[in-house]
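Chemist: task: produce atomic coordinates for the following.
(2 chains)
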Protein chains: 2
Amino acid sequence: MRKTTRRNDPQGLRSRILDVAATLFQARGYKATSMQELQQAISVSGGALHHHFPTKKSLALAVFQERVAPAVRAAWIEPVRSSPSFGEGVSTAFARIIEGIEQRGTVTGCPLNNLALELALSDATLRDAAGAIFAEWQKALAERLETTRGGHALSPPACAQAATFIVAAYSGAMAIAKAEQHPRPLRETSDALQSWLRERELDC
Amino acid sequence: MRKTTRRNDPQGLRSRILDVAATLFQARGYKATSMQELQQAISVSGGALHHHFPTKKSLALAVFQERVAPAVRAAWIEPVRSSPSFGEGVSTAFARIIEGIEQRGTVTGCPLNNLALELALSDATLRDAAGAIFAEWQKALAERLETTRGGHALSPPACAQAATFIVAAYSGAMAIAKAEQHPRPLRETSDALQSWLRERELDC
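Modeler: Predicted coordinates for the structure are as follows:
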């Protein structure tokens, strides 16, 4: 019965393929994960997998757009938009990510940075997909920065630069944290960014 | 004749293997590069390759220690140690890296960050090798920071935190630059770090 239900639920299957692919691409890398391994991990026929994603590249593109982009929105854009102040938004984003690492006991890294670094040179379409998510992330931060006390006095390009600096500091801290398998660099970078924001009255 | 010379020059061959492996691991990734492809790219027999590096992992470890570590020393540690001021050291490191990108017309990314993100979860020995280079890089910056005007007033752990922040901001800026295939994030992060250092009198 369960099998029949699944067969009649193509969107559910598509979603399950994306979940497993996102997890494996993140844990092992895109190139190190074969379509056959994915098929086995999902317990799906080659035909069904290929029906939803005719090529591995089409699957990677969907992972960027439907898994990585929402992950960045949930981890960064949502807390920054919904927090009473920009400073709190940034510290909430860091705190939740650090909490997740402590609960899992392992640093898997930022899904966007992991895949972007692996794929940026090998495929222009996938690089553009990664670039678009970095752009959305920086834009959301820049727009929120413009509403802060210090941001009012800055030009939009200066707010955009500040947003890039924050995304860069976080991304690099996560890379070091992954190499050290410890959240220390994230904690220290979060603290350094808080002072930096406060000094510029970009925190609220 | 040339072949004979090469046969009699095992260190030259070892060095050539490391050069090609470092380049391919950087361009395509470690997992996506097979020992057979390496063999072909170097024009070397499987026996000679395996004589120097019995396993792909032993080759990766040597690439970390003998190619990636020296690249980080040349790009970051040397300019920071030899510049008249810490601020100049940091801006020289960024400027040379940006110049290299402009000359090549492509952003290949930081060899340490690329390989660290790919391998940190799959192999503890290689993760430790990456972690050791990040540690050496942060330590060199922290030691130099302690000699600055602002650094005199800071505790060694505070200087270490400042060093982590700089390495993080650079590493993340390079990741965004790779995704955008443009040096903009590096330039903006370099400027932001210069102000940050000046404000703390950590620049000289």
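Chemist: and stretch A:125-141, which residues are buried?
Modeler: A:Leu126, A:Arg127, A:Asp128, A:Ala129, A:Ala130, A:Gly131, A:Ile133, A:Phe134, A:Trp137, A:Gln138, A:Ala140, A:Leu141 (16 or more other Cβ atoms under 10 Å in any protein chain shown). (Each C-beta comes from the backbone N, C-alpha and C, glycine too.)
Chemist: could I get those as a markdown table with distance to A:Glu88?
Modeler: What follows is those, written out as a markdown table (distance: Cβ to Cβ, whole Å):
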| residue | distance to A:Glu88 |
| --- | --- |
| A:Leu126 | 34 |
| A:Arg127 | 33 |
| A:Asp128 | 33 |
| A:Ala129 | 30 |
| A:Ala130 | 28 |
| A:Gly131 | 28 |
| A:Ile133 | 23 |
| A:Phe134 | 23 |
| A:Trp137 | 18 |
| A:Gln138 | 19 |
| A:Ala140 | 15 |
| A:Leu141 | 14 |
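Chemist: contacting residues for the residue nearest to A:Lys56 when sequence neighbours are not counted?
Modeler: Nearest in space to A:Lys56, with sequence neighbours left out and distances taken as Cβ to Cβ, 6 or more residues apart in numbering or on different chains, is A:Met35 at 5.5 Å. Taking Cβ atoms under 8 Å, 6 or more residues apart in numbering or on different chains, we find A:Met35 in contact with A:Gly46, A:Leu49, A:Lys56, A:Leu59.
Chemist: take those and keep only those in helices.
Modeler: A:Gly46, A:Leu49, A:Lys56, A:Leu59 (DSSP state H).
Chemist: hmm, which of the residues you listed is lowest in pLDDT?
Modeler: Ranked by pLDDT, the ones in helices among the contacts of A:Met35 bottom out at A:Gly46 (92).
Chemist: next, count neighbours for that residue.
Modeler: Counted with other Cβ atoms under 10 Å in any protein chain shown, residues neighbouring A:Gly46 total 11.
Chemist: any chance you could map the helices in chain A?
Modeler: A:2-7, A:10-28, A:35-42, A:46-52, A:56-63, A:69-72, A:78-82, A:86-104, A:111-119, A:124-146, A:149-152, A:156-180, A:184-199.
Chemist: hmm, the last one touching chain B?
Modeler: Yes - judged by Cβ under 8 Å from any Cβ of the partner chain, helix A:184-199 and chain B are in contact via A:Arg184, A:Pro185, A:Glu188, A:Thr189, A:Asp191, A:Ala192, A:Trp196, A:Glu199.
Chemist: picking that back up, any chance of a markdown table for the buried residues of stretch A:125-141, columns distance to B:Glu99 and pLDDT?
Modeler: Shown next, in a markdown table, are those (distance: Cβ to Cβ, whole Å; pLDDT from 0 to 100):
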| residue | distance to B:Glu99 | pLDDT |
| --- | --- | --- |
| A:Leu126 | 27 | 96 |
| A:Arg127 | 22 | 96 |
| A:Asp128 | 25 | 96 |
| A:Ala129 | 29 | 97 |
| A:Ala130 | 25 | 97 |
| A:Gly131 | 22 | 97 |
| A:Ile133 | 28 | 98 |
| A:Phe134 | 23 | 98 |
| A:Trp137 | 27 | 98 |
| A:Gln138 | 24 | 98 |
| A:Ala140 | 32 | 98 |
| A:Leu141 | 28 | 98 |
